[in-house]
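Trainee: next input, structure requested:
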Amino acid sequence: MRWLYGIGITLIALCLSPIAVLTWVGWFADKHGCTVTENATFPCIVEGYDWGPTLAGWSLSGWMLIATLPLAALLTAGLALTAIIHFILRRLRDAKR
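Mentor: So this is what the prediction gives:
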């Protein structure tokens with residue numbers, strides 16, 4: 001049964017990964033004084049490399065949250081329901097002994 005919880009937690013983490021990407025993009029842009037928008041690419045030169053196109057592309061991952069946040073909520077509810085049922089069944093099994 002532990003594998004089910006592991007898979008559920010992994011899927012929830014994957015669904016929430018766009019939040020981590022957006023957080024990193026914002027932190028990186030602020031740290032290096034760069035401007036990041038969804039509709040334009042601005043140069044962001046850090047140690048000789050232009051991060052502008054990369055940051056602009058990654059900033060679009062926020063749109064994935066439209067699909068992944070509801071999926072994460074459903075997965076969380078399903079995992080909680082599974083844990084509750086598992087707990088109840090274990091208590092019933094232990095009470096019969």
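Trainee: so residue 12 touches residue 77, yeah?
Mentor: No. Taking C-beta atoms under 8 Å as the definition, residue 12 is not a contact partner of residue 77, at 10.6 Å. Just so you know, the C-beta spots here come from the backbone N, C-alpha and C atoms, and that holds for glycine as well.
Trainee: the more surrounded of the two?
Mentor: residue 12 (19 against 10; other C-beta atoms under 10 Å).
Trainee: against which helices or strands is the host helix or strand of that one packed?
Mentor: Element membership for residue 12 (DSSP states H and E) is helix 2-32. With contacts defined as 3 or more C-beta pairs under 8 Å, 6 or more residues apart in numbering; DSSP states H and E, the packing partners of helix 2-32 are helix 52-59, helix 65-96.
Trainee: and the very next helix or strand once past that helix, what's its mean pLDDT?
Mentor: The element immediately downstream of helix 2-32 (helix or strand, assigned by DSSP H and E) is strand 45-46. Throughout strand 45-46, pLDDT has a mean value of 92.
Trainee: from the contact counts, what lies against strand 45-46?
Mentor: Strand 45-46 sits against no helix or strand, with contacts defined as 3+ C-beta pairs under 8 Å, 6+ apart.
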